[in-house]
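Visitor: using only what follows, build the 3D model:
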Amino acid sequence: MTYHLDTARAMIDARLRDAEQHRVARALRLKNRAERTSRQARRALTSLSA
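Guide: Numbering: from 1, shown residues only. Model prediction:
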């Protein structure tokens, strides 16, 4: 029984680590998109006021 519990815990730990890596990657993509959009908006406002 201990073997099965250890195996299940190892699988759950691996899935949690994998999910965390996906969350970090998604957060970085969203941050980059927001920064890119912000730069585009600033350029658009600059060109309008010039």
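Visitor: what pLDDT does the model give Ala50?
Guide: In this model, Ala50 is scored at 73, pLDDT.
Visitor: got the contact list for it?
Guide: Shown in contact with Ala50 (C-beta atoms under 8 Å, 6 or more residues apart in numbering): no residues. Where you see a C-beta, it was placed from the backbone N, CA and C, and this is true even at glycine.
Visitor: please apply the same query to Ala27.
Guide: So Ala27 contacts nothing (C-beta under 8 Å, 6+ apart).
Visitor: how close does it sit to Glu35?
Guide: Distance check for Ala27 against Glu35: by C-beta to C-beta, to the nearest Å, it reads 13 Å.
Visitor: repeat that for Ile12.
Guide: 35 Å.
Visitor: over to Thr2?
Guide: Counting by C-beta to C-beta - Thr2 and Glu35 are separated by 49 Å.
Visitor: more neighbours: those two, which one.
Guide: Neighbour tally, Thr2 and Glu35, criterion other C-beta atoms under 10 Å: the higher count belongs to Glu35, 10 against 6.
Visitor: so, low pLDDT: which residues of the protein?
Guide: The model of the chain has pLDDT under 70 over residues 1.
Visitor: ranges for the helices of it?
Guide: Secondary structure of the chain (DSSP state H): helices at 2-49.
Visitor: tell me which residue lies nearest the centroid of it.
Guide: Arg26 (2.2 Å; C-alpha atoms, centre = their mean).
Visitor: and that residue, how far is that from Arg33?
Guide: 11 Å.
Visitor: likewise for Thr46?
Guide: Separation of Thr46 from Arg33 (C-beta to C-beta): 20 Å.
Visitor: and what of Arg15?
Guide: Arg15 is 27 Å from Arg33, by C-beta to C-beta.
Visitor: with Ser49 instead?
Guide: 25 Å.
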